[in-house]
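J.: give me a model of this one.
(chains A, B, C, D, E and F)
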Protein chains: 6
Amino acid sequence: MSTVATPADPEADPRVKAVFDDIRATRKTDFVNNLWRALAFDPALLERTWAEVKALMATPSALDPLTKELVYIAVSIANGCGYCVHSHTAAARAKGMTDAQHAELLAIVGLAAKTNHLATGLQVAVDPQFDRSASR
Amino acid sequence: MSTVATPADPEADPRVKAVFDDIRATRKTDFVNNLWRALAFDPALLERTWAEVKALMATPSALDPLTKELVYIAVSIANGCGYCVHSHTAAARAKGMTDAQHAELLAIVGLAAKTNHLATGLQVAVDPQFDRSASR
Amino acid sequence: MSTVATPADPEADPRVKAVFDDIRATRKTDFVNNLWRALAFDPALLERTWAEVKALMATPSALDPLTKELVYIAVSIANGCGYCVHSHTAAARAKGMTDAQHAELLAIVGLAAKTNHLATGLQVAVDPQFDRSASR
Amino acid sequence: MSTVATPADPEADPRVKAVFDDIRATRKTDFVNNLWRALAFDPALLERTWAEVKALMATPSALDPLTKELVYIAVSIANGCGYCVHSHTAAARAKGMTDAQHAELLAIVGLAAKTNHLATGLQVAVDPQFDRSASR
Amino acid sequence: MSTVATPADPEADPRVKAVFDDIRATRKTDFVNNLWRALAFDPALLERTWAEVKALMATPSALDPLTKELVYIAVSIANGCGYCVHSHTAAARAKGMTDAQHAELLAIVGLAAKTNHLATGLQVAVDPQFDRSASR
Amino acid sequence: MSTVATPADPEADPRVKAVFDDIRATRKTDFVNNLWRALAFDPALLERTWAEVKALMATPSALDPLTKELVYIAVSIANGCGYCVHSHTAAARAKGMTDAQHAELLAIVGLAAKTNHLATGLQVAVDPQFDRSASR
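T.: Numbering: from 1, shown residues only, chains lettered A, B, ... in the order given. Predicted coordinates:
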């Protein structure tokens, strides 16, 4: 099921084909997952979304590739996006995530959710020590 | 402001004092932040919450200490807990997070939120390739 | 699947039948979607819910019908309600939403989610210029 | 701060005055809290919102008054509404909630949030035993 | 589907078997639902999660068993966890929840969500009367 | 308060000055609100974020400018971002939103939140009629 109609052969559109080819080349796999196939209903949205994902997730940067995937999974869980949890858990495994790291990630996400709810339930005031706005 | 009444001297209660002492010893600082002071309204809840935070966040494990804080921040942002964003950003800085890492963390959290919303808006079906339930 | 038991013939109950008839007459279709069938487990809840939806969504008002559906989809995405995303995307199409408008809606929802997470991650203070509370 | 301009004397409008009078009579207090004062910018929205709150929260029904407030607090925490957490915690105390019940409520909300995140992270399939849709 | 691989015979691991046996004994049923089967991929996480659920949900305390389940359902709905909504609705029914109570729970959860969104949209300031932080 | 340190004179950095100048020119105002000032801690993140906001929100497109702001407010409310609710409500007013449209927007957001929670609480199955995935 989906809220958009995807063409049977999305790569008949050269803009879609170019993005799919870049996904395959970047990830070194023939597999193009359903998010990209659904986004193909609007080639401009597909191009912009992939460009941003590639720039942040598939380019060497201040955080290592696995850490970036763990953060992505954490946000996807908290936002309740089942598709994203699946796709980024698979990506994290492809980047070396072990079962022990996966279990620890889930434990920390669960603990954070718990203390998020506790702090919101208590309506705790922010300690002035945490403020950085005047620190430069 | 807070939804609970905290005693003027929470450490008059020996159970509270024991937790606060352990927080100070574990973190090597005299500072006990407001979440723990608010939780002191129920010493048993304070003890259990600190025990879990200490076991997961202050004990060597499969993920390094900074990665764990980055995940904690990510969940806190997605759950909209301002207090938690402040306290765990401060903790991440204490564990060495640079401005470049902070900016990248925020960029990834923002991108994940965007693609979470896109995937939910598209109602993308999960690719069978992501399923691990039958893989053992 | 569902958490409630729906009767095989919900319209055997005259209160349910009256609501279903009004849904069909208001929408000019024989199709009554599953949300209303599930709500039929409690006729009073069904009546109140439909009355509110009809008053706000099917009555001429300060916002045009398509704009109202776009807002509804946006909230449903952000709240992670897959059913609601499906039903209100279909409603928006019935009211004339084009593929280009759908793609733009998703792009704006995704951008809003991104800047929502950035603002929460930065814990930005509200500019006094935005306050309207003293403006009358 | 607020996103709407509230009149200095909202009760100059007889529709607003009628709602405020009913709030005071129903709650047996002179205090009308800020949510109602803000909603006074649109008397029709104020009337409908109060009518619904009164019907569900201030009328004897299948659930007792304190249980209803506990549920209201729980949803407000999970949705991250600080104002609502404050107002409904105060309401629950007015209806007899003890410190022990408050601590337990927060513990359960925190545990539910944790297992919500675990189940979403694991993408657990729903057991067929939980389905009620065919049970009538 | 699931993001983890569960062993065909999870109870071959004695730590898993001990938890499953305790679940069956505590709940007086042979049925062990999928959340626990998925958590079996990491016996330590399984043990800690079950211990916390048992301590809070299956032990006499300040709130009665049904009220605790209603709160659990409410949080699970607001957090968008379909699995959890199913499992705790089934648990609430096992503890005596009637159709009338279920309908009222859903109505209150829906109303709370509505006023949560109204208060957030209005950015209502917290009334000083709600503050308890200085009350001891 | 903020989680980042903003320089006293952010426009001393020419990249920041270029973005701020473009914000002022695009919006025809001298006012640069706090989100952009906070993002100035990382000029690259500032540049990318503004470029995306400008392209989607300040460029003629398939949806009219006010509709786009209404959708932005709706997402911001559902995601619980107080700062964003304030800034985009101000933007919507600058684009002509009346009090009547504001009240109706809030009513629809509130209704959507309510039915989102009802549908999630009921775990309604998606009607096959809503599926568009096979429609091309």
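
J.: any weak-confidence spans in chain A?
T.: By pLDDT under 70, the weakly predicted segments of chain A are A:134-136.

J.: okay, domains of it per the record?
T.: A:9-59, A:61-123 (automatic domain parsing).

J.: any chance of the ones you listed in a markdown table, plus mean neighbour count?
T.: All C-beta atoms are positioned from the backbone trio N, CA, C, and that covers glycine. Below are the domains of chain A laid out as a markdown table (neighbours: other C-beta atoms under 10 Å in any protein chain shown):
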| stretch | mean neighbour count |
| --- | --- |
| domain A:9-59 | 17 |
| domain A:61-123 | 24 |
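
J.: for the ones you listed, which one sits closest to C:Asp131?
T.: Taking C-beta to C-beta, domain A:61-123 is the member of these nearest to C:Asp131, at 21.2 Å.

J.: which among the domains of chain A is found nearest to C:Ala62?
T.: Evaluated over those, closeness to C:Ala62 peaks at domain A:9-59, with 29.9 Å, by C-beta to C-beta.

J.: now check that closest one, is it near chain E?
T.: No. Counting by C-beta under 8 Å from any C-beta of the partner chain, chain E has no neighbours in domain A:9-59; the shortest distance is 13.3 Å.

J.: what about that domain, distance to the chain center?
T.: Centroid separation for domain A:9-59 versus its chain: 15 Å, with C-alpha atoms, centre = their mean, to the nearest Å.

J.: picking that back up, of the domains of chain A, which is nearest C:Ser133?
T.: Across the domains of chain A, closest to C:Ser133 is domain A:61-123 (C-beta to C-beta), at 20.4 Å.

J.: which ones are touching A:Asp127?
T.: B:31, B:33-34, B:86-87 (C-beta atoms under 8 Å, 6 or more residues apart in numbering or on different chains).

J.: give me that answer again for 7 Å
T.: A:Asp127 sits next to B:33-34 when contact means C-beta atoms under 7 Å, 6 or more residues apart in numbering or on different chains.

J.: all helices for chain A, in order.
T.: Per DSSP state H, chain A carries helices over the ranges A:14-27, A:34-39, A:43-57, A:65-78, A:82-94, A:99-122.

J.: okay if I get those as CSV plus distance to chain F?
T.: Below are the helices of chain A laid out as CSV (distance: least, C-beta to the nearest C-beta, whole Å):
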stretch, distance to chain F
helix A:14-27, 13
helix A:34-39, 8
helix A:43-57, 8
helix A:65-78, 11
helix A:82-94, 13
helix A:99-122, 10
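
J.: out of those helices, flag the one nearest B:Ala107.
T.: helix A:43-57 (5.8 Å).

J.: hey, C-alpha coordinates of the closest one in PDB?
T.: This file holds the C-alpha atoms of helix A:43-57, laid out as PDB (Å, rounded to 0.1, in the frame of the first residue of the first chain):
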ATOM      1  CA  PRO A  43      11.500  13.400  -9.500                       C
ATOM      2  CA  ALA A  44      12.500  16.800  -8.000                       C
ATOM      3  CA  LEU A  45      11.600  15.600  -4.500                       C
ATOM      4  CA  LEU A  46      13.500  12.400  -5.100                       C
ATOM      5  CA  GLU A  47      16.600  14.300  -6.300                       C
ATOM      6  CA  ARG A  48      16.600  16.700  -3.400                       C
ATOM      7  CA  THR A  49      16.000  14.000  -0.800                       C
ATOM      8  CA  TRP A  50      18.700  11.700  -2.100                       C
ATOM      9  CA  ALA A  51      21.200  14.500  -2.400                       C
ATOM     10  CA  GLU A  52      20.700  15.400   1.200                       C
ATOM     11  CA  VAL A  53      20.900  11.800   2.400                       C
ATOM     12  CA  LYS A  54      24.100  11.200   0.400                       C
ATOM     13  CA  ALA A  55      25.800  14.400   1.600                       C
ATOM     14  CA  LEU A  56      25.100  13.700   5.200                       C
ATOM     15  CA  MET A  57      25.200   9.900   5.500                       C
END
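
J.: next, see if it gets close to chain B.
T.: Yes. Applying C-beta under 7 Å from any C-beta of the partner chain, one finds helix A:43-57 in contact with chain B at A:49, A:52-53, A:56.

J.: who's in contact with the residue nearest the centre of chain A?
T.: Nearest residue to the geometric centre of chain A (C-alpha atoms, centre = their mean): A:Tyr72, 4.1 Å. If you count contacts by C-beta under 7 Å, 6+ apart, A:Tyr72 has them with A:88, B:108, B:112.

J.: run the last query once more with 10 Å
T.: Taking C-beta atoms under 10 Å, 6 or more residues apart in numbering or on different chains as the criterion, A:Tyr72 is in contact with A:53, A:56-57, A:84-85, A:87-89, A:91-92, B:74, B:108-109, B:111-112, B:115-116.

J.: and for A:Cys81?
T.: A:75, A:87-88, B:112-113, B:115-120, B:124, C:77, C:80, D:120, E:80.

J.: same check, this time on A:Val19
T.: Listed by C-beta under 10 Å, 6+ apart, the contact set of A:Val19 reads A:10-11, A:13, A:32, A:36, A:39-40, A:43, A:46-47, A:49-51, A:54.

J.: and if you look at A:Ala40?
T.: Neighbouring residues of A:Ala40 by C-beta under 10 Å, 6+ apart: A:4, A:6-7, A:10-11, A:13, A:15-17, A:19-20, A:32, A:46.

J.: same thing but at 8 Å, please
T.: Residues near A:Ala40 by C-beta under 8 Å, 6+ apart: A:6-7, A:10, A:13, A:16, A:46.

J.: out of the residues you listed, which is nearest to chain B?
T.: Relative to chain B, the closest of the contacts of A:Ala40 is A:Thr6; by C-beta to the nearest C-beta it sits at 9.4 Å.
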